[in-house]
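>>> from the sequence below, what's the structure:
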Amino acid sequence: MDTTTIQVSKSTVSMLEKVKKKYGVKSYDKAILRMAGKEVRIPKSMFGIDPSMKPFKRDKDDFHDL
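Here you go, the predicted structure:
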């Protein structure tokens, strides 16, 4: 995992500590990801998220008798 350092105020760290407890996570990274995910509402499944992709269609060969 690549990491970086960011500067935040001490009051932000205090808030992040509360967020960590609320979500039951152990890192600031996970706390921030949880908050960001709720804010932008990223779907759990990203299947079909790329609008440039054509819809999925089965080939005739996909169907067979048992």
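>>> now the protein, which segments are flagged as low pLDDT?
For the chain, residues meeting the criterion pLDDT under 70 lie at 42-53, 56, 62-66.
>>> the same query, at a cut-off of 80, please.
For the chain, applying pLDDT under 80 flags the ranges 1, 40-66.
>>> show me where it has its helices.
For the chain, applying DSSP state H gives helices covering 10-23, 28-40.
>>> indicate which one of those helices is closest to D2.
Of all these, helix 28-40 sits nearest to D2, with 11.2 Å by CB to CB. (Glycine included, C-beta is placed from N, CA and C.)
>>> distance to P55 added to the helices of the chain, as TSV?
Converted to TSV, these look like this (distance: least, CB to CB, whole Å):
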stretch	distance to P55
helix 10-23	36
helix 28-40	25
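>>> adding mean neighbour count, write the ones you listed out as JSON lines.
As requested, the helices of the chain are exported to JSON lines (neighbours: other CB atoms under 10 Å):
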{"stretch": "helix 10-23", "mean neighbour count": "12"}
{"stretch": "helix 28-40", "mean neighbour count": "13"}
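>>> wait, which of the ones you listed is closest to K60?
Using CB to CB as the measure, helix 28-40 is the one of these that comes nearest K60, at 39.9 Å.
>>> quick one, the closest one and helix 10-23 angle?
Orientation note: helix 28-40 sits at an angle of 80 degrees relative to helix 10-23 (axes from the mean of the first three to the mean of the last three CA atoms, to 10 degrees).
>>> list the helices and strands helix 28-40 packs on?
Applying 3 or more CB pairs under 8 Å, 6 or more residues apart in numbering; DSSP states H and E, we find helix 28-40 packed against helix 10-23.
>>> contacting residues around the helix it packs on?
Surrounding helix 10-23, the residues in contact under the criterion CB atoms under 8 Å, 6 or more residues apart in numbering are V8, K26, S27, Y28, K30, A31, I32, R34, M35.
>>> if anything else comes up later, I'll come back, but that's it for now.
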